[in-house]
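> return atomic coordinates for the entry below.
(chains A, B and C, ligands or ions: 3)
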Amino acid sequence: MTAGAKKRKEAPRLLMGNEAIARGALEAGIQIASGYPGTPSSEIIENLSRSAAERNIYVEWSTNEKVATEVAAAASFAGLRALCVMKQNGVNVASDFLLHLAHSGTRGGMVLVSCDDPGALSSVNEGDSRPFARILEVPLLEPGDFQEAKDMTKWAFELSEEIRNFVFLRSVTRMSHASGSVIIGDLPAETRRPAFRHKGSLLDPDNGPVISLFPGIPELKHGPQQEKLRRAADIFEKSPFNTYQGPEKPELLIVTSSACSLYSREAVHLLGLKDRVGILKMGTTWPLPPELVKRHLAGTDRILFVEEVMPFLEENVKILAAEAATDLGIKYFYGKKSGHIPSVGELNPDLVLSALRKILNLPSEKDPSDFLKKAESIAASAAPHRELTFCPGCPHRASYWSIHNAIELDGREGFVCGDIGCYTLGFLPCGFGTLKTIHSMGSGTGIAGGFGQIRRFAMNQPILAVCGDSTFFHAAIPALINAVHHRSPITVIVLDNRGTAMTGFQPHPGLAVSAMGEQAVDIDMAEICRALGARVEIRDPFDLEETQRTLNLMMEEAGGAQVLILRQACGLSPEKKGKKLFEVKVDESVCVGENCGCNRLCTRIFRCPGLLWDGQKKTARIDEVICAGCGVCAGICPSGAITKREAQA
Amino acid sequence: MTADPYNIIITGVGGQGNVLASRVLGNMLVRQGYEVTIGETFGATQRGGSVMSHLRIAKEGVWSPQIPRSRAHMIVSLEPAEAVRVLKDYGNEDVRILSNTRPVYPVSVIAGDVVYPPVEEIRSGVQALVPGARFIDATEEALKMGNPILSNIIMLGALSGFTPLPIRRSDFKAVISRFTPGDALDMNLRAFDKGRELMKKGKSKSVKRKQKSHGGKI
Amino acid sequence: MRVFGPKELQTDIIEKGLCSGCGGCVDICPYFRSHRGKTAMLFPCTLEKGSCYAFCPKAEVDLDELSMRFFGRTFDGSPLGHHLSIQISRAGGRVSSPNFQAGGTVSALMAFALMKGIVEAAVLTDREKLLPLPRLVKDPSEVLRCASSKYSAAPTLSAFNRAVREGIDRIGVVATPCQALALAQLRSNPLQKADFKDPAALVVGLFCTWSLDFRAFKDYLAGKMDPSIIRKVDIPPPPAEIMEIYDDQGKREIPLAEVRQLVLPSCSFCLDMTAEFSDLSVGVLEGRPDLNTLIIRTERGMEIVSQARKEGFLFTEDLPEENLKHLAWAAANKKKRALVKIKAEGLFNTGDGRRAVLRFSDEAAGAILAGEDGK
Ligand SMILES: Cc1cc2nc3c(=O)[nH]c(=O)nc-3n(C[C@H](O)[C@H](O)[C@H](O)COP(=O)(O)OP(=O)(O)OC[C@H]3O[C@@H](n4cnc5c(N)ncnc54)[C@H](O)[C@@H]3O)c2cc1C
Ligand code: SF4
Ligand code: SF4
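Ligands and ions are numbered 1, 2, ... in the order given. Next up is the predicted model:
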């Protein structure tokens, strides 16, 4: 197997990919870790923050990913090892700084972990962060199993120090959120003493200032940077993270990386092809070690690329093959470009199986068995689709209820621009279809600001935006400043649920606690907005009438940018989870049900999962297992059939 | 163990404690010397979506965190409709099924757009296909114990009497105390035992409570 | 009467600008609400027949059926509708207020009805700044607070619906013609509920040629003055052609031609100038802004008027022939204008299952179209 697995003295542990990455960083002796929460990356920083006290390291949830990379880079400049973690979309945010950092180079080992989400299982898109390594011209590593996730992370720091630039490590959901056995190694006993040496000459990489570019003389920084990349390629030629399994001269060579290597192995195993098909699993995917790749290309005519999202390996290998075409001759390539591997969505063993069948002309899959056909027919009626919804007791449902109603009452076709967080679901029925634009963090506010400006051309629609509390600090502030400054008549609604709820309740700058559980300065977003000159209102979204009334007034009076903070903790927040504030009941004798006068407002429209429709009695009722006891539904029932009573502690 | 790897799917709905159940089970089996790979989808866990964990229990090696189609050996479902959903993708003639009886209604059912059939109908459909399929009232029992969230542990306890895998109480105790705060240990152990007891007594042969159909206009 | 559901109400009436904002569909259920003079449907409702549609005075109104129900005969299209007598009136010595729009007849009658227990509560129209606000009043003294006309559309009937839901079963109401028409439909139990009982104990209708779109009116005034300090709005009789607005600084005059631009489009579909489906209808007496014209339509109305007069709440005298002729001429003109419009839009007595705004006999329609025209 892989590098670290050799010493079998300790029993393997079952670790999540993210735990393995965190462990690798600890074994490498990091002293600083920073990041911004995002599925599937969040557990890395969470794990490190739990070890922070014991290992004497500093861990923070930064305001956003760009700041996180800056924080980690500072530690590196002072000679410490630093880890920086984000999900794929975060790399976009950090990319501006990263491009500079790649030029200036680093000192202490610095590793940037991006956890991608092929298939967008819990993301707004399935962006592939690997091409960033090419754009940034830094080395890219991709672990193929859990042991590697740990070992590779640890080694990445050594590589970073060797070439004096940061190293990009890319995981995916099926690695980060999957678990497997890992044999752990020792933790270093010593810590480094930081010092930022800056008195040397401008070009002294160890003691000079850390500067990313010399205007007009790119050779001075860009040249050495490319040299670093060449060194990395050399090192990669012998890396144990690149493995090959299969016959010497395979009929078909699979080139793969990451979780896709596990799918490939399983597919080859299931088809019994291990003597015909070879698997070149690459752990160092940028720059590709040219000699190693060419050696493997020389042994076969047919190559299949098994990878997710972008044809990254595919394109890079093809370039190498073209460069070596005179030696290697003609090759047949299969992958995304040929259509054998889907170009969107995540892969799985079955998709690799069918690619292999097609390429090798194996008998095609049998029709689904009788069994599966029968199961399918039962499922058609017994397994109704589960559409995503807000949790029972979620403040967003209440907020969107009032926002929706305010817009409808206003009657001028107002709309809400949204962004990323649980509240993204506001475009679905659970949010009453309220969101009309959804893009990146903070962009709801920015887009609304733009809409606000075009009102001057006789557009009468009221313009609103929503952003979460964490998102507010992450990226909405510059957009809000822009809107206030240019008098854009918009209403920005901050859905303040007291934490970064979507990713598991990480703290943010609005809260008085840090990632390590230490006291932090809680920054008052209302005061920030007021200081900008925006009108600010704060309401409890559970007070539906008052929220709607306030919003209508704000929409009517919008002269410039204004802010409505809807503050109510997430139903899963530590202080609320598992505790019912109210005992909620439906009085069946009062419920109007399907009749004119209600027509099932609570179950048909409000749709909190805590409510049920009793098709026999024709009344609503509460599902006591699901209801979180927020009591909001009592306020929407037109007949007063839903009653709430304060729950006994 | 009859197959290597032995493939278990634990399925349910966000908020039911599916992820905890699969981690606990995985760690228990690691203590028995197996090499375990778990794949999870939990982005939408709390948001009403289906949640599945794939466990590959092997003598050796890391396996794909996604089980290939129709190759599950055991399906443990914390919710009856989810058992059916998994069955259609991962089932086969030899699969075994252990399912909770308590539905978690999708919002589209609550809203009345879609009908959720009576649980008895789901159960008979599944049993027609998988004769040994077992349904137990884990949530009802958990409610009796004071907290519906314990149903995942009751299901684990029941699984111990339903599979050739060595699922030991002592392993459970060792693992669960790592995963949950100290004062919950006793409660969890009682839930585990309750599951074993339900399985032994075959108490759950019939769904006692009359199940109603919800949602859908009549 | 053909009854459809909320979907049809939304598409036929609200989306087409036929809604007069009367509030007939508001506060029956959670779906229709009124905000700043406009009725909005918050969420889709799937019922095929709804009170909302049944009550709407612009959706499938069958005047013959209503006329039969309330006056025992079909609708004949006569200018002033069914009535027993027409008089001049004003509030008697027992009531007075500087807020009376004209003679204070309306307020006096309602206060009297409340005091005597003829009605338990009265549905009136107050205002907050410029915005008309429905109000459910139980104390006679509060009636005077609601005196004076608010010239923009008010969802007055939402307060009636609320009163019904509160279980009040003798309700008095002051209603413009469209409101009175919605009320008439409500009172004829269109969904045929088994336990139905007419909750309206006294309906006082107001004369009305048009009302304004509140939002447009407010925006219009905002360019000229501070609408929040307005005390009274009046329209002096022709040939003045102005609207008078009184505020702290005194009186302002606004050309009626400009104000007419702000009239609700739905008013041009309204045949009724004198609120025919009421017990009593009240307007201004031509040339005498301190007096009212009072049309007595029902026995119940007649009874209340005579009692109120006896007890000093009301003063009445005979209406001169000249005034009556002019009133009938104006009412006939409104009928004709509106019917021409409704027919032109293809919304009168439609066939083939298409939904109509209005239905009544072709004879009556013929009489209206043959009636008064211009001067
Ligand atoms: C929109 C509108 C248009 C009118 N057009 C004419 C007309 O063309 N010719 C004519 O002769 N008379 C018209 N009137 C009636 C007239 O203005 C007086 O209301 C009527 O003469 C009664 O006078 P009063 O002194 O008895 O009323 P008051 O004693 O002052 O009482 C007025 C009553 O009107 C009610 N009211 C006020 N505004 C509204 C409203 N928007 N909707 C429903 N009820 C309301 C109040 O509840 C109050 O009870 C109109 C009234 C309105 C509201
Ligand atoms: S909203 Fe109230 S009246 Fe309507 S169905 Fe629900 S409980 Fe019954
Ligand atoms: S109280 Fe009502 S809205 Fe709140 S969680 Fe329970 S069912 Fe849902």
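
> and for the residue nearest to C:Gly81 when sequence neighbours are not counted, the neighbour number?
Of all residues not flanking C:Gly81 in the chain, C:Glu276 sits nearest, at 3.1 Å (C-beta to C-beta, 6 or more residues apart in numbering or on different chains). Backbone N, C-alpha and C define where each C-beta goes, glycine included. By other C-beta atoms under 10 Å in any protein chain shown, 28 other residues sit near C:Glu276.

> need the helices for the stretch 201-350 of chain C, in chain order.
Under the criterion DSSP state H, counting those that start in this stretch, helices of the stretch 201-350 of chain C are mapped to C:214-222, C:256-260, C:299-310, C:321-344.

> ok, which of these comes nearest ligand 3?
The closest of those to ligand 3 is helix C:214-222. By C-beta to the nearest ligand atom, the value is 33.6 Å.

> check whether that closest one contacts ligand 1.
No. Helix C:214-222 does not reach ligand 1 (C-beta under 6 Å from any ligand atom); its nearest approach is 9.4 Å.

> low-confidence ranges in the stretch 501-649 of chain A?
A:649 (pLDDT under 70).

> could you dump the helices of the stretch 201-350 of chain C to a markdown table with distance to A:Lys373 and mean pLDDT?
What follows is these, written out as a markdown table (distance: least, C-beta to C-beta, whole Å; pLDDT from 0 to 100):
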| stretch | distance to A:Lys373 | mean pLDDT |
| --- | --- | --- |
| helix C:214-222 | 60 | 93 |
| helix C:256-260 | 71 | 95 |
| helix C:299-310 | 73 | 98 |
| helix C:321-344 | 60 | 96 |
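
> any chance of the ones you listed in a markdown table, with distance to ligand 2 too?
A markdown table is the format used below for those (distance: least, C-beta to the nearest ligand atom, whole Å):
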| stretch | distance to ligand 2 |
| --- | --- |
| helix C:214-222 | 30 |
| helix C:256-260 | 42 |
| helix C:299-310 | 35 |
| helix C:321-344 | 37 |
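
> which stretch among these comes nearest chain B?
helix C:214-222 (33.8 Å; C-beta to the nearest C-beta).

> the closest one packs against which elements?
When contacts are defined as 3 or more C-beta pairs under 8 Å, 6 or more residues apart in numbering or on different chains; DSSP states H and E, helix C:214-222 packs onto strand C:131-137, helix C:256-260.

> report how many residues lie close to the residue lying closest to A:Leu532 once chain neighbours are set aside.
Counting by C-beta to C-beta, 6+ apart, A:Val484 is the residue found nearest to A:Leu532 once chain neighbours are left out, at 4.8 Å. Neighbour count of A:Val484, defined by other C-beta under 10 Å: 21.

> same question for A:Ala178.
The burial count for A:Ala178: 31, using other C-beta under 10 Å.

> tell me the phi and psi of residue 76?
I'll assume chain A. phi -60, psi -40 (degrees, to the nearest 10).

> wait, I meant chain B there
Dihedral angles (degrees, to the nearest 10) for B:Val76: phi -110, psi 120.

> touching, it and B:Ile9? I think so.
Yes. Contact between B:Val76 and B:Ile9 holds when scored by C-beta atoms under 8 Å: they sit 7.1 Å apart.

> list the buried residues in stretch A:143-160.
A:143-157, A:159-160 (16 or more other C-beta atoms under 10 Å in any protein chain shown).

> cool, and stretch A:334-352?
For stretch A:334-352, using 16+ other C-beta under 10 Å, the buried residues are A:334-336, A:338, A:340-341, A:346-352.

> go ahead and name everything in contact with it.
A:118-119, A:121, A:126, A:172-174, A:254, A:259-260, A:263-264, A:266-267, A:270, A:302-309, A:311, A:314, A:355, A:358-359, B:64, B:66, B:68-69 (C-beta atoms under 8 Å, 6 or more residues apart in numbering or on different chains).
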